[in-house]
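1. Dropping a prediction and its sequence here:
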Amino acid sequence: MVTPAPPKRTIWPYAIIAAFVLFASYIGFMVQQAMRTSVDLVSPDYYQQELAYQQRMESVARTAALPAPVVVTHEAAAHRLKLALPAGLSGQAIEGTLHFFRPSDQKLDFKLPFAPAGTPALQELNTSKLQPGLWRLRVDFTAGNQQYFLEKELSISE
């Protein structure tokens, strides 16, 4: 009597199951990493700022229409930042804010009052305490009941 040969075992079902398990594990790991990642908005009141977008665009257009540009000069060696307004705005009461915005770290953002003095209207700031890297300076000011806005990028080096 001849005994039948035992059926051949194949590893394919196990390989397919192992591939599905590994894929599911990879997806689970990626979901876990995504849940741990901090996603900060540009600012805490981002949505309120977006609602005021049209007013901001009008302020930018008004600033661009000034007879002379708002001059922002950074002297890296002296750690000094100068903001000069056009002579046409010198006789008016000017007040506003300077917002130093660090795109890479929201915790470094800060605001300062903007109150240029003299003729021409000029304000100087010390930049020695700013962390090196890319900064965005947002100048938001009012002169003669008109709102103005300017944004400049600054590169602070050590």
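-> Done, it's in. Keep in mind the model is a prediction, meaning the values are calculated, not measured.
2. check contacts around residue 98.
-> Each residue near residue 98 by Cβ atoms under 8 Å, 6 or more residues apart in numbering is listed here: 83, 111, 112, 113, 114, 125, 137, 138, 139. (Glycine included, C-beta is placed from N, CA and C.)
3. With neighbour count, pLDDT and distance to residue 38 as new columns, can these be given to me in CSV?
-> CSV is the format used below for the contacts of residue 98 (neighbours: other Cβ atoms under 10 Å; pLDDT from 0 to 100; distance: Cβ to Cβ, whole Å):
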residue, neighbour count, pLDDT, distance to residue 38
83, 21, 90, 33
111, 12, 93, 23
112, 11, 91, 27
113, 10, 91, 31
114, 20, 88, 31
125, 17, 89, 30
137, 18, 92, 25
138, 16, 92, 23
139, 20, 91, 29
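4. In strands only, show me the residues you listed.
-> If you go by DSSP state E, the contacts of residue 98 have 83, 111, 112, 113, 114, 125, 137, 138, 139 in strands.
5. ok, so of these, who is nearest residue 9?
-> Of all those, residue 9 sits closest to residue 138, with 70.0 Å by Cβ to Cβ.
6. So what's the residue count around the residue lying closest to that closest one once chain neighbours are set aside?
-> Leaving aside its sequence neighbours, residue 138 sits nearest to residue 99 (Cβ to Cβ, 6 or more residues apart in numbering; 4.2 Å). Neighbours of residue 99 under the rule other Cβ atoms under 10 Å: 17.
7. what stretches of this protein score poorly on pLDDT?
-> By pLDDT under 70, the low-scoring segments of the chain are 1, 39-43.
8. Quick check: longest helix in the protein by residues?
-> Assignment by DSSP state H gives helix 12-36 as the longest helix of the chain.
9. Quick check: phi and psi at the residue most central in space within the chain.
-> Closest to where the C-alpha atoms of the chain average out (Cα atoms, centre = their mean) is residue 103, at 3.2 Å. Note on residue 103: backbone dihedrals following degrees, to the nearest 10 are phi -60, psi -30.
10. So it sits against residue 136, correct?
-> Yes. The pair residue 103 / residue 136 is scored as a contact, 6.6 Å apart, by Cβ atoms under 8 Å.
11. Thanks a lot, see you next time.
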